[in-house]
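Novice: generate a structure from the sequence data that follows.
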Amino acid sequence: MGFPGTWMTESESVIYRVVPKCACSTIGQIMYYSDHGAFFDGDIHDADAGLHKWAFDASQPVIEAAVRDHTAYAFTCVRNPYTRVLSSFFDKICGIQRNGKRYRGNLVPLLIQKYGIEVGGPDGKDEFDQIRSFRRFLLFVRDTIRFRKPMDPDIHWSSVSGHVSTFIHNGGSYDHIFWTEAFNDGMQTVLDNIETKHPVVLSDIPRFNESEGHGPKRLHPVEDYFDDLSMHLMYEIYKPDFELFRYDFENPGNKMPLGEIDLAEVHAKLGS
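Specialist: Okay, here's the model as predicted:
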């Protein structure tokens with residue numbers, strides 16, 4: 001199975017397990033900059049040179065050796081399940097993607113037909129009941145994750161712990177896991193532990209939010225989207241994410257973690 005979703009700098013200074021919707025565009029650009037002294041011109045997910053990616057055949061043995069021998073500092077970044085699934089809804093379901101089309105072709109028509117959601121019209125700009133549509137989307141998310149129907153879960157809403165675990169299952173171990181919500185502190189810890197060809201000053205780094213502007217603006221506070229049933233579904237879907245990464249299940253309005261991540265616990269529970 002190897003190490004899907006894993007990126008490494010060409011200098012082999014650092015390995016990153018990508019988790020969608022968790023600042024991955026910014027992290028990828030920082031890695032690229034640390035080697036080349038410039039940012040990739042475009043979406044870093046489209047870069048086919050300048051970074052090792054598991055998706056490239058030539059990169060796989062290099063990544064595998066670095067993970068196996070633990071010669072590169074390994075990290076990942078996680079995010080509050082409430083804000084992450086909301087972001088997935090507005091970006092991937094309501095938004096028009098950078099290719100000018102809907103995400104995954106027939107996915108949105110399927111959701112409109114089977115779950116009765118609205119997405120703001122053909123261009124996502126019409127008014128619609130965001131709360132009602134999001135809660136119906138959450139039912140769909142639960143169905144994909146629990147029952148793999150009407151499709152397999154998508155990487156943008158499958159659990160963070162699921163992404164994080166594949167790296168451990170296949171023989172990797174993390175040196176650091178940090179929160180999107182405390183990005184600068186977490187990323188600085190990574191930079192402090194590696195040697196970079198070009199110095200990275202985090203305060204000078206822009207945020208590369210490649211999904212920004214794809215979909216309609218969220219009109220309500222996070223907590224308004226989650227009633228009692230929605231919270232029940234969230235716990236059913238994302239219980240390990242809340243527990244392992246110390247997020248506040250009881251209060252959707254609190255995006256900040258309640259305690260420190262225990263790396264030994266993460267490895268023990270996700271590696272079993």
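
Novice: quick check, pLDDT for the residue lying closest to residue 198 once chain neighbours are set aside.
Specialist: What sits nearest to residue 198 in space, not counting adjacent residues and going by C-beta to C-beta, 6 or more residues apart in numbering, is residue 37, at 4.0 Å. Just so you know, the C-beta spots here come from the backbone N, C-alpha and C atoms, and that holds for glycine as well. Model confidence at residue 37, given as pLDDT, is 96.

Novice: residue 98 too?
Specialist: On the pLDDT scale, residue 98 gets 79.

Novice: from residue 113, how far out is it?
Specialist: The gap separating residue 98 from residue 113 is 25 Å, by C-beta to C-beta, to the nearest Å.

Novice: more neighbours: these two, which one.
Specialist: Between residue 98 and residue 113, counting by other C-beta atoms under 10 Å, residue 98 is the more crowded of the two (14 against 10).

Novice: pretty sure the more buried one belongs to a strand, no?
Specialist: No - assigned with DSSP: H, G, I helix; E, B strand; the rest coil, residue 98 falls outside any strand and is coil.

Novice: once you drop chain neighbours, what's closest to it?
Specialist: That would be residue 43: by C-beta to C-beta, 6+ apart, it lies 6.9 Å from residue 98.

Novice: and for the one you found, the neighbour number?
Specialist: Neighbour number of residue 43 under other C-beta under 10 Å is 14.

Novice: quick check: the gap between it and residue 55.
Specialist: Counting by C-beta to C-beta - residue 43 and residue 55 are separated by 14 Å.

Novice: also residue 193?
Specialist: Distance from residue 193 to residue 55, by C-beta to C-beta: 26 Å.

Novice: without its sequence neighbours, what residue ends up closest to residue 185?
Specialist: residue 178 (7.1 Å).

Novice: lowest average confidence, helix or strand, in this protein?
Specialist: Here the helix or strand of the chain ranked lowest by mean pLDDT, DSSP states H and E is helix 107-115, holding a mean of 94.

Novice: contacts for it next, please.
Specialist: Residues outside helix 107-115 that contact it (C-beta atoms under 8 Å, 6 or more residues apart in numbering): 93, 102, 117, 118, 119, 136, 137, 139, 140, 150, 151.

Novice: and the helices in this structure?
Specialist: 24-36, 60-69, 81-88, 107-115, 130-142, 160-169, 183-192, 228-244, 263-271 (DSSP state H).

Novice: which pLDDT value belongs to residue 83?
Specialist: So residue 83 comes in at 97 (pLDDT).
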